[in-house]
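Q: fold the following and give me the result.
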Amino acid sequence: MRTRQIVLASRPMGMPTADNLRFEEKVTEDLKDGEVLLKSWFISVDPYMRGRMNESKSYAKPYQVDEPFRGSIIARVVESKSNLFSADDLVVGDLPWMTYITTSAENLRKIDPGIAHPGYYLGILGMPGLTAFFGMKDIGKPRAGETVVVSGAAGAVGIVAGQIARIHGCKVVGIAGSDEKCQMIKSEFGFNEAINYKTEKNIRKALKAVCSDGVDIYFDNVGGDITMGAIDNLNFHSRVIVCGQISQYNNTRFAMVPDILPRVLTRSILIKGFIVRNYGDRYDEGYAWLTEKVKSGELNYKQTIIKGFDKLPETFLGLFSGINQGKLMVEAE
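A: Next up is the predicted model:
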């Protein structure tokens, strides 16, 4: 069977372009015992993929030039030589960007489309949901009455992080990149306040105006000037959850940030960075809690779905201009 794939054609300098990716065709490998043939359905695009385009060592192995991009994919089993899955089962796994994929069945997890839309397993019931869960609950430790600020609040992780804080009785303020997104996180996801960073000239003053009692938890998905504005409003014994730095991913050199350590010292602030893989032995705990809250209606979600395998490169690049509300993915079929 012939399959199409998208490979890393070259490593970008600064902002990636479509020229850094290339479409190819090849023949799928014959199935061996313990393997399955998959047809891709929903393909996730995520900010962390930008870092994997670089050659430098990081928490995730770099993509190799002339090798396929890869990430979380919802796929349908076409053929199986494994006792773990049967034809037509829906599975999720870390897989190459291909229309048809031959892979070991051990790398996959079966999903239940009866619980939620299959795309949810790339979002709130997948890596972004787990990221929000462990970041907010394990590092943030929200308590009723506290004020929580979430940057990138309309994104795949931010939407979930804000709702988790709300479930714990916190006042939740979101920072997003358009009036439409600000309205969405308030009306659909229960954020108390929202700030449009693209029209607000001074984030520090804007946060001070809506966080009259200061900020107890800052969930950072963005970095840069937005984060500095949040840090200026932190309370004593506040917690900063460093989850993402999307504003910095295309920089060709690291910016030198202002010295915040005196403030961290005098206000007894906890700042902790993390990646979701740190909690690999607790994934079942996260999945169980998130699934329960989705089924009960306490957690809602948003997906931006672009149709067509050919749209993957431009959809990935669209992450950096904020085309998505909630989880961004491509429907390959």
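Q: spatially nearest residue to the residue nearest to the spatial centre of the chain (excluding sequence neighbours)?
A: Closest to where the C-alpha atoms of the chain average out (C-alpha atoms, centre = their mean) is Pro128, at 4.3 Å. Leaving aside its chain neighbours, Pro128 sits nearest to Ala156 (3.9 Å; criterion: C-beta to C-beta, 6 or more residues apart in numbering). (Glycine included, C-beta is placed from N, CA and C.)
Q: quick check: closest non-adjacent residue to Ala132.
A: Distances taken as C-beta to C-beta, 6+ apart put Val160 closest to Ala132, at 3.6 Å, once the chain neighbours are dropped.
Q: and the least confident helix or strand in the chain by mean pLDDT, what's buried?
A: Across the helices and strands of the chain, mean confidence by mean pLDDT, DSSP states H and E is lowest for helix 261-266: a mean of 86. Neighbour counts over helix 261-266 (16 or more other C-beta atoms under 10 Å) mark Val264 as buried.
Q: so what touches whichever strand or helix holds the residue nearest to Ala132?
A: Per DSSP states H and E: Val160 is located in helix 158-167. Helix 158-167 is contacted from outside by 124, 128-129, 132-133, 135-137, 140, 142, 148, 150-153, 172, 174, 176, 185, 189-191, 217, 219, 221, 243, 290, 293, 298-302, 326, using C-beta atoms under 8 Å, 6 or more residues apart in numbering.
Q: tell me the buried residues within the residues you listed.
A: Neighbour-count burial (16+ other C-beta under 10 Å) applied to the contacts of helix 158-167 gives 124, 128-129, 132-133, 135-137, 140, 142, 148, 150-153, 172, 174, 176, 185, 189, 191, 217, 219, 221, 243, 290, 293, 299, 301-302, 326.
Q: give me the nearest residue to Leu299, chain neighbours excluded.
A: With sequence-adjacent residues excluded and distances taken as C-beta to C-beta, 6+ apart, Leu299 is closest to Lys293, at 4.0 Å.
Q: got the CA coordinates for stretch 67-75 in PDB?
A: The C-alpha trace of stretch 67-75 is given here as PDB (Å, rounded to 0.1, in the frame of the first residue of the first chain):
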ATOM      1  CA  GLU A  67      12.900  11.700   8.400                       C
ATOM      2  CA  PRO A  68       9.100  12.100   9.100                       C
ATOM      3  CA  PHE A  69       7.700  14.600  11.600                       C
ATOM      4  CA  ARG A  70       5.900  12.800  14.300                       C
ATOM      5  CA  GLY A  71       3.500  13.400  17.200                       C
ATOM      6  CA  SER A  72       0.200  12.300  18.600                       C
ATOM      7  CA  ILE A  73      -2.200  10.800  16.100                       C
ATOM      8  CA  ILE A  74      -5.700   9.300  16.300                       C
ATOM      9  CA  ALA A  75      -5.800   6.400  13.800                       C
END
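Q: centre of the chain to it, how far?
A: In terms of C-alpha atoms, centre = their mean, to the nearest Å, the centre of stretch 67-75 is set 15 Å apart from its chain centre.
Q: residues making contact with that stretch?
A: Residues contacting stretch 67-75 (C-beta under 8 Å, 6+ apart): 5-8, 21, 38-46, 49, 63, 90-98, 101, 111, 118-119, 121-122, 126-127, 312.
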